[in-house]
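Colleague: Quick one, structure for this:
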Amino acid sequence: MLRHIRPLATSATYTRWLHLLIPLAICSVWMFVSMDTPWVLVVLAIPVGLLPGMRLAEGVQAQLLLTPAERGSPHAAISAAAAADWADRWRTVLWLELRLVFGVAVGVATVWLPMITVDLVISGTGGNTEQSWLTAGLQPHWWHLLLTPLPLLVLLAVVVASGELITLAARALLGPSPVQRLTALEERTEQLLERNRIARELHDSIGHALTVAVVQAGAARAAGDPEFTARALTAIEETGRDALDDLERVLRVLREAGAPTGRQPTLVEADRLLDSARRSGAKVDADVSGPLAEVPATVSREGYRILQESLTNVLRHAGTVPVRVRISVANGRLELNVTNPLGDSTGSTGGGSGLRGIRERAALLGGKARTGPHRGEWRVYVSLPSHGLG
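Modeller: Numbers count the residues shown, from 1 in each chain. Have a look, this model is predicted:
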């Protein structure tokens, strides 16, 4: 019982009722112009519905009155956009025709059913209803008062059922077209990719800074040398400042949609990472060959993050061990090779988010990445195409 009464307590039921009555107002105005040609409105709905802007107007109105809970939502089932093709235009025409039919039917019920209730009250109190054609021939009797709620209940049932039906029709006829759905899906995919990229950058930058800080602080405490401690504090300060710059840039992008991301480091600045690792105590042997400055910005930025994560893993899992870094640009490819002796926990990092991020970065650029033990050492090898990307 409550399930049938619940729609009467929902505001959407009455906004839908209003939506259904709007066509009746238009029909009433036309009837003053010509009583004998009501079919003109049905014909007129065809050229009107073919106007691209009519779909936008109907979509906004339907969102506002039929599905108010979805108003303004990017995932609304009813689209508020102009017709993009002829299929959208003809669906709008069909919507207008259905709206006219539903509107007239509900409008007639809205007027006549309360009038029947009034006649029943008059008849039940002994009055004369012969002047009303709705209850013509009905003899006055007191028990007619018992029937007075019935037309109103029927009206409420008609309003609820018609509102549900017209909303279903609106979702089907005014809903997003296949092109709009594909566009929305592409935008959603872009957003997810951007969030994933930001998560990787935060992981790499902040993770690197914290790893350097932990390693430097531990080494300074163990060394007990004021000069070494000063160098360690300087390294922590510089690495922390770089991490704060990265964090501020990412947060600015998150706070302001469409804000410029700012300049991101590239492999041309790889010396910053190598020097940071050296200041942390690692013995870094680096070799860079090829025109690194000519590598496309996208590839160079991702290569910088991959190198950053590789050195972070060395410091975190193997400690201050010798590290060989080879960066080469040749034959249209950028290759990074970072190797170090296996530490106690190096081999257990294969499933970590850092190494997974390296593989994801390489895959997104059409490259390949291999991480894991190799000839008694731990190796991170990445090969990326260095042409055709900006």
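Colleague: Could you chop the protein up by domain?
Modeller: Here the domain assignment for the chain is 2-176, 182-385, based on automatic domain parsing.
Colleague: worst average pLDDT in those?
Modeller: Among the domains of the chain, domain 182-385 carries the lowest mean pLDDT, at a mean of 77.
Colleague: Quick one: distance of it to the chain centre.
Modeller: 29 Å (Cα atoms, centre = their mean, to the nearest Å).
Colleague: can you redo the domains of the chain as JSON lines with mean neighbour count?
Modeller: Bear in mind the C-beta positions are built from the backbone N, C-alpha and C, glycine included. Shown next, in JSON lines, are the domains of the chain (neighbours: other Cβ atoms under 10 Å):
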{"stretch": "domain 2-176", "mean neighbour count": "16"}
{"stretch": "domain 182-385", "mean neighbour count": "17"}
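Colleague: Show me the strands in the chain, by range?
Modeller: Taking DSSP state E as the criterion, the chain carries its strands at 283-289, 322-330, 333-341, 368-374, 377-385.
Colleague: Any idea which of those gets closest to residue 107?
Modeller: Smallest distance to residue 107 across those (Cβ to Cβ): 65.7 Å, for strand 377-385.
Colleague: Restricting to C-alpha, output the closest one in CSV.
Modeller: Presented in CSV, the C-alpha positions along strand 377-385 are these (Å, rounded to 0.1, in the frame of the first residue of the first chain):
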residue,chain,number,x,y,z
GLU,A,377,71.8,-7.7,-10.6
TRP,A,378,68.6,-5.8,-10.4
ARG,A,379,67.8,-4.1,-13.7
VAL,A,380,65.2,-1.6,-15.0
TYR,A,381,65.3,-1.5,-18.8
VAL,A,382,62.9,0.8,-20.7
SER,A,383,62.7,1.4,-24.5
LEU,A,384,60.5,4.2,-25.8
PRO,A,385,59.9,5.6,-29.3
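Colleague: now what about it, what contacts it?
Modeller: With contact meaning Cβ atoms under 8 Å, 6 or more residues apart in numbering, strand 377-385 is reached by 299, 302-303, 306, 310, 313-314, 318, 332-343, 346-347, 355, 358, 362, 365-374.
Colleague: The closest residue to residue 247 other than its chain neighbours: what's it in contact with?
Modeller: Nearest non-adjacent residue to residue 247, counting by Cβ to Cβ, 6 or more residues apart in numbering: residue 206, 6.7 Å away. Neighbouring residues of residue 206 by Cβ under 8 Å, 6+ apart: 243, 246-247.
Colleague: before we move on, the earlier item: right, so of the strands of the chain, which gets closest to residue 144?
Modeller: Comparison of the strands of the chain against residue 144 by Cβ to Cβ identifies strand 368-374 as nearest, at 85.1 Å.
Colleague: Residue 313 touches residue 339, doesn't it?
Modeller: No. Counting by Cβ atoms under 8 Å, residue 313 sits too far from residue 339 to count as a contact (11.7 Å).
Colleague: so who does the residue nearest to residue 167 when sequence neighbours are not counted touch?
Modeller: Spatial nearest neighbour of residue 167, chain neighbours left out: residue 66 (4.7 Å); criterion: Cβ to Cβ, 6+ apart. Residue 66 makes contacts with 12, 15-16, 19, 78, 163, 166-167, 170, as judged by Cβ under 8 Å, 6+ apart.
Colleague: measure residue 66 to residue 51 for me?
Modeller: Distance, residue 66 to residue 51, by Cβ to Cβ, to the nearest Å: 21 Å.
Colleague: Same question for residue 107.
Modeller: Counting by Cβ to Cβ, the gap from residue 107 to residue 51 is 25 Å.
Colleague: next one: residue 322
Modeller: In this view, residue 322 and residue 51 are 74 Å apart by Cβ to Cβ.
Colleague: cool, and residue 238?
Modeller: 63 Å.
Colleague: can you check residue 368 too?
Modeller: 53 Å.
Colleague: again with residue 384
Modeller: For residue 384, the distance to residue 51 equals 51 Å [Cβ to Cβ].
Colleague: Check residue 31 too.
Modeller: Distance from residue 31 to residue 51, counting by Cβ to Cβ: 24 Å.
Colleague: One more: residue 97?
Modeller: 15 Å.
Colleague: Show the contacting residues for the closest residue to residue 16 other than its chain neighbours.
Modeller: With Cβ to Cβ, 6+ apart as the criterion, residue 16 has its nearest non-adjacent residue at 3.3 Å, and that residue is residue 163. For residue 163, the contact set (Cβ under 8 Å, 6+ apart) comprises 12-13, 16-17, 19-20, 66.
Colleague: now those in TSV, with distance to residue 41?
Modeller: Listed next are the contacts of residue 163 as TSV, based on distance: Cβ to Cβ, whole Å:
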residue	distance to residue 41
12	27
13	26
16	21
17	21
19	17
20	16
66	21
